[in-house]
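Asker: just need the structure, nothing else, for what follows:
(2 chains)
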There are 2 protein chains.
Amino acid sequence: MDNFTFYSPTYFVFGKDEEKRAGSLVKRFGGSRVLIHYGGGSVVRSGLLDRVKKSLDEAGLYYTELGGVKPNPRSGLVYEGIDLCRKEKIDFVLAVGGGSTIDSSKAIAAGTVYDGDFWDFYSGKLVEKALPIGTILTIAAAGSEGSPDSVITNENGMFKRGATGEAYRPAFSILNPELTCTLPPYQTACGITDIMAHLMERYLTNTKDVVTTDRMIEALMLAMIEEGPKAVQNPQDYEARANIMWAGMMAHNNSCGVGRSQDWNSHNIEHELSALYDCAHGAGLAVTFPAYLGYVYKHDVDRVAQLAVRVWGCKDDPDNREAVALEGIEKLRAFSKSIGMPVTLGELGGKEEDIPKLADVCCNGDGRDGFLYGFDRLSEEDVANIYRQMI
Amino acid sequence: MDNFTFYSPTYFVFGKDEEKRAGSLVKRFGGSRVLIHYGGGSVVRSGLLDRVKKSLDEAGLYYTELGGVKPNPRSGLVYEGIDLCRKEKIDFVLAVGGGSTIDSSKAIAAGTVYDGDFWDFYSGKLVEKALPIGTILTIAAAGSEGSPDSVITNENGMFKRGATGEAYRPAFSILNPELTCTLPPYQTACGITDIMAHLMERYLTNTKDVVTTDRMIEALMLAMIEEGPKAVQNPQDYEARANIMWAGMMAHNNSCGVGRSQDWNSHNIEHELSALYDCAHGAGLAVTFPAYLGYVYKHDVDRVAQLAVRVWGCKDDPDNREAVALEGIEKLRAFSKSIGMPVTLGELGGKEEDIPKLADVCCNGDGRDGFLYGFDRLSEEDVANIYRQMI
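Answerer: Next up, the predicted model:
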């Protein structure tokens, strides 16, 4: 295990009706003038936005609002949010929505107190200061409610980049599984896929002797395999939603990823898909992960086989670990299909002729040097080959 | 799953040599006048205490010290520490040692800023305020480095009681696995047993549909079963020590115990053993847990059988879950023996004629009403029967 620090000071409030505590929680963490940031439709239609405003009213807080966050949140709205926060002297950003809304809120929270262009943080600058952030989560997926991360799509070129820093850990996050019970099966499955991808990105490590975190990752994957299909089949299954919601946070707050190198090549490869085709991030990951694993498993066949045995229930064969690993990859692909996820580029609206461009942007865009670094080093040609495996 | 809140704001610094950061971390968390609290022997002999003082000197911090913490830490030293902190105007308590030292430090930190008797907190009063606490952990066991809990033995009657409150979460905890490499096998095994007990206390729940936390608990137990014997057999195995150390924190920071009822009857039953016989807490738990499980498994035989199958590798038999559960309990007992732990009352220095007194103090001591409440409700007679199973 490598040396590490782990700091997750977010106050998690989990369960039915807990969004009613939004106002008192904002006050507890020092907010007085609040930006409520959200996407659109369902947060308004479901009455959630009204309930949140009522809670802020009862706490005597001033607020203004900015809706319109789209999946794969855009830089344009972040600039708009920063201007609004400065004009309104906002001191707390409250995200009501899923990972896109939270990530957009984080960017606004950092950009408001930064003299330069907020995109600096998405080009490698560490986020050291931001307005405090609260979240009311409406989809279990991105894990942004407990993570120090944010991903934004730059509209000037349509490419996605991430930023990180402890200042991006929310002050509080309200996780009410009921709020996710209205999600349709497709979005639910996208969330499940994202959570499993966060776990696999951590599993694919080059660090030896990481038994404890290996076991934790496997545990959360097993829980998703058991509970995920229940929520897809019966969206109103509160218990399945609750188990998925806590797993989604634990999958990405990094308590199961500490002290080990992590991969994240699949996320980098997927980001170009959702940026170019505007597909759901989870759907892009469902297509990417089996193709990626099928290309890189030889880098550490024992590790990929271990995942197959412990998580996918494959029978181990010490004399033919390659077969075990490949069986596990097929089971992952079959699981994705079983919950209604795409597994080919075509299903995302992708075209073979886009592949050189996808690989080029992925490996050379915005400060990259022609390679992806993670579980294994991938050249632009490797990345193009992985995209080709998705056909 | 039940509603819950989860708040673990401790800054964890993990790895080789990290105790050198003690001074800068105390400063980061607002300390200027520090009480260094520790046990004795090994912290001094190993040079650790000197290294810590050097780090505080380099940070320009004032400090005073109080050694002498014993296993099963005593109320007398806590009173002494409180007097010292008030006299020296201490604003930060730095624990250097294991769970006993940390628990004693927590009691001092709360008592110093409290007008009444600190024992009030150990009689049911919630800890809402305390001096900030830092820890430098030297044994993976109690999990106090990441928990809101503390257990102290009252010398006026020799009984142990716990206190809890968010103010007891350390501001920072330094976890250097190297510091545990000098622990002899017996103490190592006691720590492993304590960690496994923390997991089983959470596993024994009456809450339904807790798949995610079930899987997390099983994961950490599997890691302990794999890594524990390595550290017992080869105390210098850094990687095993590291895996055990992170598992020990995760086992008790409650991220795997949220949203579910927990048991803690075994801890209550054990506390009277270590209070009366002054045995190691872990050794007491090794004796208690199989005896306890053998008495209560019928309360939810499927749950105890599930533990047997998933953690102890027993073959499931849906037609005879009792046999599966009992096989799992035997495997737990065998594991304890294999790492050198006692499994009978006699090995702890206990005597059959003490049982009525043990059961009486356990069920009627300090505010209790004749019963233990947890996985199942236990009368004084039940508790006496459980002690008898240890003979």
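Asker: which residues of the stretch 251-391 of chain A lie near chain B?
Answerer: A:S255, A:V258, A:G259 (Cβ under 8 Å from any Cβ of the partner chain). Backbone N, C-alpha and C define where each C-beta goes, glycine included.
Asker: quickly find the element holding the first one.
Answerer: Under the assignment given by DSSP states H and E, A:S255 is not contained in any helix or strand.
Asker: I'd say it and A:F6 touch.
Answerer: Yes: between A:S255 and A:F6 there is a contact at 6.6 Å, judged by Cβ atoms under 8 Å.
Asker: can you select the buried ones from the residues of the stretch 251-391 of chain A next to chain B in PyMOL?
Answerer: Per 16 or more other Cβ atoms under 10 Å in any protein chain shown, the buried members of these correspond to this PyMOL selection:
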select buried, chain A and resi 255+258+259
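Asker: the residue in the stretch 51-200 of chain A that chain B sits nearest to: how many residues sit nearby?
Answerer: Closest to chain B within the stretch 51-200 of chain A is A:P177: 7.8 Å, counting by Cβ to the nearest Cβ. By the criterion of other Cβ atoms under 10 Å in any protein chain shown, A:P177 has 25 neighbours.
Asker: A:E347 too?
Answerer: With other Cβ under 10 Å as criterion, A:E347 counts 14.
Asker: with adjacent residues omitted, what lies nearest to A:G370?
Answerer: A:C363 (5.3 Å; Cβ to Cβ, 6 or more residues apart in numbering or on different chains).
Asker: any idea how far that neighbour is from B:R51?
Answerer: 46 Å (Cβ to Cβ, to the nearest Å).
Asker: for the two, indicate the residue with more neighbours.
Answerer: A:C363 (22 against 16).
Asker: tell me the phi and psi of A:G68?
Answerer: With angles defined as degrees, to the nearest 10, A:G68 sits at phi 90, psi 10.
Asker: contacts only, for it.
Answerer: A:G39, A:G40, A:L77 (Cβ atoms under 8 Å, 6 or more residues apart in numbering or on different chains).
Asker: same thing with A:T5?
Answerer: Contacts of A:T5 (Cβ under 8 Å, 6+ apart): B:Y11, B:F12, B:V13, B:F14.
Asker: out of those, who's near chain A?
Answerer: Within the contacts of A:T5, those near chain A by Cβ under 8 Å from any Cβ are B:Y11, B:F12, B:V13, B:F14.
Asker: my guess is the last one contacts A:Y7. True?
Answerer: No: under the criterion of Cβ under 8 Å, B:F14 makes no contact with A:Y7, lying 11.2 Å away.
Asker: neighbour count winner among those two?
Answerer: B:F14 (23 against 16).
Asker: which strand residues bridge the more buried one?
Answerer: A:F4, B:L175 (DSSP bridges).
Asker: check it and give its pLDDT.
Answerer: Here, the pLDDT recorded for B:F14 equals 98.
Asker: without its sequence neighbours, what residue ends up closest to A:L378?
Answerer: A:L372 (4.4 Å).
Asker: backbone phi and psi for the one you found, please?
Answerer: According to degrees, to the nearest 10, A:L372 has phi -110, psi 140.
Asker: that one is in contact with A:I386, isn't it?
Answerer: No: distance between A:L372 and A:I386: 9.6 Å, which falls outside the contact criterion (Cβ under 8 Å).
Asker: which residues are common contacts for the two?
Answerer: Common neighbours of A:L372 and A:I386 (Cβ under 8 Å, 6+ apart) are A:I269, A:L378.
Asker: which stretches in chain A count as strands?
Answerer: Secondary structure of chain A (DSSP state E): strands at A:4-14, A:33-38, A:62-66, A:92-97, A:133-137, A:149-154, A:159-164, A:172-175, A:371-372, A:378-379.
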